[in-house]
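Undergrad: Using only what follows, build the 3D model:
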Amino acid sequence: MKNLNASTDAILVVDDDPEMAGTLQELLQQDGYEVAVALTADEALVQQERSAFAMALVDLIMSPTDGLSLMEQLHRNDPNLAIVIMTGFGTIETAVEALKRGAEDYLTKPFDREAVRKKVRRLMELFGLRQRVAQLEANLDGCLCFESFVFVSRMMQRTVERAYAAASSDAPVLLVGETGTGKEMLARAIHAASPRSRKPFVPINCGALPRELVESELFGFRRGAFTGAYADSPGIFAAANGGTVFLDEIAEMPKEAQVKLLRVIQEGELRPVGSPKPVTVDVRIVSASNRPLSTLRAESLREDLYFRITTVVVELPPLRAHPEDIPVLANSFVGRLGRRYGRQIRLTSSAVDMLRNYPFPGNVRELENVLEGVVALSVEDPQVITDRHLRPLLNEAGTPAGFPNTGEHVFSMEQMERFAIQQALRLCQGNHSKAASLLGISRDTLYRKLRKLRAAGEACAARTTAS
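TA: Numbering: from 1, shown residues only. Down below sits the predicted model:
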């Protein structure tokens, strides 16, 4: 029995002390919740069979069935039920054991009425977010191609609506956003919702191509065109004929290749390396960059190409700009990880709070990687992820190490980039190839950024010494 239809206002109180149970019932009803009371474990199971609950407050010491055993039975019937253990002893060992076995949180007797209200309110909000995730994953405005996008914020809704509107046309689309915001996922969704959906979607990372091979990879080559060209190769654009080519990191494309790309967009034809004849192709171009539009136009792209690929621009906001989406994203990732690892995995409200207060310079990709790192290093079933598990990966104050703690979490792009690179190298134990992959950039781009950051650091040190 899954709790997908539970009322977000329904709470079950289980305590063999009728006076205590009645006090809690009255307190929670004053806050507008529907509250049912059970004085024994058997009564609680009967209540659960009759009604769906969002939360259960369960006394630890009961007879003949104790609170931890009842908790496991309640969870077998409904894995999504949030359970708070109530204990009069309040030992650390009891609390840890309860959390390990699947409790969302615990309360110690005698109760502080305001503390109870605050804790229940936070957990009920978390339940509501989990329900929202289930609804979004089941049906996102009836558009299955955009179903992977989970959000509650108006900001992301506008982004997805703009991308969905662009999907029906054949115009070039440029996706702009920081690393890890989901540009390739959005490009795939645009293709899947377009009239070209039955044709190939071919992604290519322009920054990962060796400079001398960019033209031959994109536009193909003829046998004998250069050393090692032992047979004709159609190239990326010919392979994607009728479909969509996704040019990630388009700012890394050499200027000479940009001339050929412009001809593909304008005339629908290309000339393979070593061929005297042009080849006609029918492809849609979706490109992406983590650089701002002003930089793309002034430094990275030919102006004529810039105007062609920016027919439709969709900007993906950084995760720190819509933190209200962090809880639903986190719960969605945890659900996927649970299915992948074949375990029950949940986030406590304290873990969700810690994630929400962290700026995530690596954006959605970093959030997913952090959660998978916690899950991959555990064999617990059920697994309950708390703030204690996240603390080694996230700064306790919610500010990345090395960032100025301004209290407003406003950082320069250079600071964000520096921290993202440092974090990637730390997580990958100094392996530059793995760090580049984690960041979604090529190894050459990572080396270039490291040189730039190193030069900036040396210049800063020189200025400090001179002064």
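Undergrad: neighbours around residue 255, how many?
TA: 10 (other CB atoms under 10 Å). For glycine as for every other residue, the C-beta is placed from the backbone atoms N, C-alpha and C.
Undergrad: per-residue confidence at the residue nearest to it when sequence neighbours are not counted?
TA: Nearest residue to residue 255, sequence neighbours excluded (CB to CB, 6 or more residues apart in numbering): residue 302, at 6.2 Å. Here the pLDDT value assigned to residue 302 is 94.
Undergrad: Report the contact partners of residue 302.
TA: With contact taken as CB atoms under 8 Å, 6 or more residues apart in numbering, residue 302 is in contact with 255, 258-259, 262.
Undergrad: who touches the residue lying closest to residue 444 once chain neighbours are set aside in this structure?
TA: Counting by CB to CB, 6+ apart, residue 444 lies nearest to residue 207, which is 6.8 Å off, once chain neighbours are set aside. The contact partners of residue 207, by CB under 8 Å, 6+ apart, come to 248-249, 252, 441-442, 444-445.
Undergrad: Which of the contacts of residue 302 are buried? Put it as a PyMOL command.
TA: With 16 or more other CB atoms under 10 Å as the criterion, this PyMOL line picks the buried residues out of the contacts of residue 302:
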select buried, resi 258+262
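Undergrad: from the contacts of residue 302, which single one is nearest residue 327?
TA: Nearest to residue 327 among the contacts of residue 302, counting by CB to CB, is residue 258 at 41.8 Å.
Undergrad: Now, the contacts of residue 207 that are in helices?
TA: Within those, residues falling in helices by DSSP state H are 444-445.
Undergrad: Identify the farthest-apart pair in the contacts of residue 207.
TA: Taking CB to CB as the measure, the contacts of residue 207 reach their widest spread between 248 and 444, a distance of 14.2 Å.
Undergrad: between these two, which one's more packed in?
TA: More crowded of residue 248 and residue 444, by other CB under 10 Å: residue 248, with 24 against 15.
Undergrad: contacting residues for that one?
TA: 183-184, 187, 203-207, 287-288.
Undergrad: out of these, which are buried?
TA: 183, 187, 203-207, 287-288.
Undergrad: can I get the residues you listed in CSV with secondary structure and distance to residue 385?
TA: Shown next, in CSV, are the buried ones among the contacts of residue 248 (DSSP: H, G, I helix; E, B strand; the rest coil; distance: CB to CB, whole Å):
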residue, secondary structure, distance to residue 385
183, helix, 28
187, helix, 31
203, strand, 32
204, strand, 36
205, strand, 32
206, helix, 37
207, helix, 34
287, strand, 37
288, strand, 31
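Undergrad: Go through those residues and name the one with the lowest pLDDT.
TA: Lowest pLDDT within the buried ones among the contacts of residue 248 is found at residue 207 (85).
Undergrad: Tally up the residues packed near residue 265, please.
TA: Residue 265: 16 neighbours (other CB under 10 Å).
Undergrad: What ranges does the protein have for its strands?
TA: Taking DSSP state E, the strands of the chain run over residues 10-14, 34-38, 55-59, 82-87, 105-108, 173-176, 201-205, 244-248, 269-270, 279-280, 284-289, 312-315, 345-347, 383-385.
Undergrad: Could you measure from the residue nearest the centre of the chain over to residue 434?
TA: With distances taken as CA atoms, centre = their mean, the chain has residue 364 as the residue nearest its mean C-alpha position (3.2 Å). Note on residue 364: its distance to residue 434, by CB to CB, to the nearest Å, is 19 Å.
Undergrad: And for residue 27?
TA: Distance of residue 27 to residue 434, computed by CB to CB: 52 Å.
Undergrad: Counting neighbours around each, name which of these two comes out higher.
TA: Counting neighbours by other CB under 10 Å for residue 27 and for residue 434 shows that residue 27 has the greater number, 18 against 15.
Undergrad: from what I can see that one touches residue 116, true?
TA: Yes. Checked against CB atoms under 8 Å, the pair residue 27 and residue 116 is within contact range at 6.5 Å.
Undergrad: Enumerate every residue touching residue 35.
TA: Residue 35 neighbours (CB under 8 Å, 6+ apart): 11-13, 24-25, 28-29.
Undergrad: and with 7 Å instead?
TA: By CB atoms under 7 Å, 6 or more residues apart in numbering, the contact list for residue 35 reads 11, 13, 25, 28-29.
Undergrad: right, and the pair among these with maximum separation?
TA: Going by CB to CB, the pair spanning the contacts of residue 35 furthest: 13 and 29, at 10.4 Å.
Undergrad: and those two? which has more neighbours close in?
TA: Using other CB under 10 Å, the more surrounded residue of residue 13 and residue 29 is residue 13, with 26 against 12.
Undergrad: Thought residue 25 was touching that one, still the case?
TA: Yes. With contact defined as CB atoms under 7 Å, residue 13 and residue 25 form a contacting pair (5.7 Å).
Undergrad: Need the overlap of contacts for those two.
TA: Taking CB under 7 Å, 6+ apart as the criterion, residue 13 and residue 25 both touch 35, 37.
Undergrad: From residue 14, how far off is residue 83?
TA: Look at residue 83 and residue 14: by CB to CB, they are 9 Å apart.
Undergrad: Which residues are in contact with each of those two?
TA: With CB under 7 Å, 6+ apart as the test, residue 83 and residue 14 both reach 56, 58.
Undergrad: which residues does residue 330 contact?
TA: 347, 352, 355, 367, 371.
Undergrad: how about a cut-off of 10 Å?
TA: Residues counted as contacts of residue 330 (CB atoms under 10 Å, 6 or more residues apart in numbering) are 129, 133, 150, 347, 351-352, 355-356, 367-368, 370-371, 385.
Undergrad: Just give me the closest of those residues to residue 428.
TA: residue 370 (13.8 Å).
Undergrad: okay, which residue of this structure is out on the far edge from center?
TA: Extreme point of the chain relative to centroid (CA atoms, centre = their mean) is residue 276; 47.1 Å.
Undergrad: Closest to residue 71 out of the contacts of residue 302?
TA: Among the contacts of residue 302, and counting by CB to CB, the member closest to residue 71 is residue 258, at 61.8 Å.
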